[in-house]
Each structure stands twice: as C-alpha cells, then as structure tokens.
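J.: need a structure here:
(one chain, ligands or ions: 1)
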Amino acid sequence: MPEAIVESVHGVSCAVGESPVWHAEEQAWYWVDIPARRIWRLDHASGAARHWTAAEMVACIAPRARGGLIAGMETGIFAVELLGDGTVRAERLAAPAELAPGMRFNDGRTDRQGRFWSGTMWMDMAAALPIGRLYRYDGAGLSAPLVSGLVTQNGLAWSPDGRTMYLSDSHPTRRRVWTFDYDVDAGVPHNRRLFVDMAAYAGRPDGAAMDSDGCYWVAGNDGASLLRFTPAGKLDRELKLPVAKPSMPCFGGPRLDTLLITSIVQPGREDHSLAGAVLMVRPGVTGVPEIPFAG
Ligand SMILES: O=C1O[C@H](CS(=O)(=O)O)[C@@H](O)[C@H](O)[C@H]1O
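T.: Numbers count the residues shown, from 1 in each chain. This next block holds a predicted model:
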C-alpha cells in the first residue's frame with residue numbers, strides 16, 4: 001500500500017492534544033488539550049476550528065445522545081455543555097472515592113452499548129505510581145474499579161462486535177496493550193491477557209482507534225508512528241508521522257475513512273514546527289462508528 005499523505009489542521013496547536021472523536025450527528029471533530037483545559041471542535045464542512053475553556057483539566061470526551069458531551073476531568077465524570085462565550089458549563093455526575101488530589105481522569109470512550117469508560121492516573125508521571133483505575137459510568141452510576149494497578153491508563157477500544165475490550169498502559173515502565181473478553185450485557189471485562197508488548201516497536205502505546213476489519217490502531221508516543229495491529233496482535237502496518245509524540249487517533253469524516261490524530265509538545269522542543277499539531281490522514285480503511293453516551 002502506498003504511503004498515505006499526512007496533513008495538519010491549519011492554525012491548531014495543543015500542549016497535550018488527546019481524545020479525538022468524530023461527532024456523526026454534527027459532522028464535526030472534537031478533541032481536548034489537557035493542560036490548557038480546552039475542548040476543541042473542527043467543523044467538517046467549513047473547516048472552522050474553535051475552542052472552549054473549562055475550569056479544570058478535561059482529559060477525555062464523548063458525544064452524549066441527549067446533547068452536549070460527557071467528559072473525564074480532574075475531579076470526576078462531568079456532563080459538559082459548550083457555551084457561546086467560549087466557556088464550559090460542567091455538571092459533575094460522579095467522582096470515584098479513590099480519586100485523590102494529584103490524580104485525574106485520562107483516556108476514555110464509550111463501549112458499543114454507549115456506556116462511558118475512563119481511567120485515572122497520578123499526574124506526576126515521574127513518580128510512576130500504579131494507582132490508576134478503570135471505571136464504567138452508565139445509567140446505573142459509576143462502577144467500582146474494574147481494572148486496577150495502572151500507571152498511565154490509555155488505549156481503550158472495543159472490537160467491531162463489542163466483545164473484546166482493549167486497554168493500554170503508556171507509561172515508560174509499562175508499554176503494554178491488553179485485551180479482555182467483554183460481557184456486553186453486564187458491561188464487565190474479564191480474562192485479561194497481553195495483546196502487544198510495545199517494547200518491540202516504536203514508541204509507547206497511547207490512545208487508540210478500531211477499524212472495521214477489527215484492527216487496532218495505536219499512537220506510538222515518542223515513536224513518531226501510528227501502528228496497526230491485527231486482532232491476533234500482529235503488526236500489520238506502520239505509518240510514520242511528522243511528530244515525535246502522537247497521542248491518539250480516531251476515525252471520522254462522512255465516510256469514516258479519515259484518521260484525525262492529536263499530538264503532544266515535547267518539553268524543551270516547543271519550537272519543533274509540528275509538535276502539538278492535529279494531523280489528518282486517509283489510511284485506506286474505514287473506522288467503526290463511535291456510539292454516543294446513552295445516559
Ligand atoms: O498527559 C498525558 O501524557 C501522556 C503522554 S506523555 O507521557 O506526556 O508523553 C499520555 O500518555 C497521556 O494519555 C496524557 O494524558
């Protein structure tokens with residue numbers, strides 16, 4: 001397959017871009033810039049980009065079926081409304097008892113049934129504390145921790161049939177992706193096993209996206225790459241990117257044939273031209289539609 005052409009979204013730069021998601025109803029892309037406390041939106045038809053600023057860090061978002069967004073933030077899971085003056089109205093829906101000061105939510109997305117999943121992390125990554133936990137939030141409220149012992153929770157995705165859940169830990173001391181059998185009725189993962197040990201590849205496994213062949217696309221943070229793994233965990237394709245720290249891909253566009261990829265500015269390399277850029281590429285495959293949060 002010929003190398004795909006990578007473009008960047010004009011005029012957008014993020015300190016820690018994360019959580020891109022295609023909003024099918026609005027035909028728009030959303031993503032966040034975590035330390036900037038920003039939620040970004042890019043209108044597909046006009047190409048117009050704008051952002052809103054929240055009162056605390058927003059780490060992950062998903063469209064909500066009843067309107068607005070659901071978000072994992074510093075102090076909990078929030079219902080988010082984007083206001084005309086560029087600010088955010090955020091109503092806390094839940095906060096885990098284990099979420100101590102110094103922690104925040106990180107990666108998150110909905111499963112194939114529209115339940116919202118997100119995990120927590122200790123913000124000072126140098127400490128490498130394995131106190132991150134993964135939670136489910138749905139109409140019944142916040143679950144107990146369903147996975148524990150994570151340092152930098154990341155890489156959530158579900159297979160096209162929803163029966164396999166993927167989860168990574170992107171911390172330099174971990175660099176692994178796991179799969180779980182997923183009970184779609186109960187919304188519970190079990191039978192955890194290693195999917196990919198990224199020590200063998202470029203970068204650390206940050207955010208991910210699922211394509212319609214059931215292949216897992218993961219950002220190789222610090223590896224300037226986007227990697228596609230088959231359901232058997234075999235590397236199938238590596239896309240070189242013009243940023244050292246890609247953070248998360250998502251499929252979108254009217255035909256779900258475009259990958260939008262966020263990135264992170266490397267400390268000390270703030271002048272690097274494309275670091276923090278939001279990239280777009282057509283990889284030649286289509287994605288699995290994201291399900292809006294149903295609650
Ligand atoms: O804050 C974050 O940072 C890390 C990336 S990095 O270690 O700073 O390069 C990322 O994995 C995580 O998802 C993000 O929230």
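J.: which bits of the stretch 101-250 of the chain sit near the ligand?
T.: For the stretch 101-250 of the chain, the residues in contact with the ligand under the definition C-beta under 6 Å from any ligand atom are 106-107, 125, 152, 154, 170, 206, 221, 245. To be clear about C-beta, it is placed using only N, CA and C from the backbone, and glycine gets the same treatment.
J.: what do you get if the cut-off is 8 Å, keeping everything else the same?
T.: Counting by C-beta under 8 Å from any ligand atom, the residues of the stretch 101-250 of the chain lying close to the ligand are 106-107, 121, 123, 125, 152-154, 170-172, 204, 206-207, 221-222, 245, 247-248.
J.: which ones are touching Met73?
T.: With contact set as C-beta atoms under 8 Å, 6 or more residues apart in numbering, Met73 has these partners: 54, 56-59, 90, 104-105.
J.: Dump stretch 77-87 to PDB, keeping only the CA atoms.
T.: Only the C-alpha atoms of stretch 77-87 are listed here, as PDB (Å, rounded to 0.1, in the frame of the first residue of the first chain):
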ATOM      1  CA  ILE A  77     -17.000  12.500  35.300                       C
ATOM      2  CA  PHE A  78     -19.000  15.500  34.100                       C
ATOM      3  CA  ALA A  79     -21.800  16.400  31.700                       C
ATOM      4  CA  VAL A  80     -20.500  19.200  29.600                       C
ATOM      5  CA  GLU A  81     -22.200  22.000  27.700                       C
ATOM      6  CA  LEU A  82     -20.200  24.300  25.400                       C
ATOM      7  CA  LEU A  83     -21.400  27.900  25.800                       C
ATOM      8  CA  GLY A  84     -21.500  30.800  23.300                       C
ATOM      9  CA  ASP A  85     -18.900  32.800  25.300                       C
ATOM     10  CA  GLY A  86     -16.200  30.100  24.900                       C
ATOM     11  CA  THR A  87     -16.600  28.700  28.400                       C
END
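J.: List the buried residues in it.
T.: The neighbour-count check on stretch 77-87 (16 or more other C-beta atoms under 10 Å) flags 77-80, 82 as buried.
J.: among the contacts of Met73, which are in helices?
T.: When DSSP state H is applied, the contacts of Met73 are split such that none fall in helices.
J.: Which two among the residues you listed are spaced furthest apart?
T.: Of all pairs drawn from the contacts of Met73, the widest gap by C-beta to C-beta lies between Ala90 and Arg104 and measures 13.7 Å.
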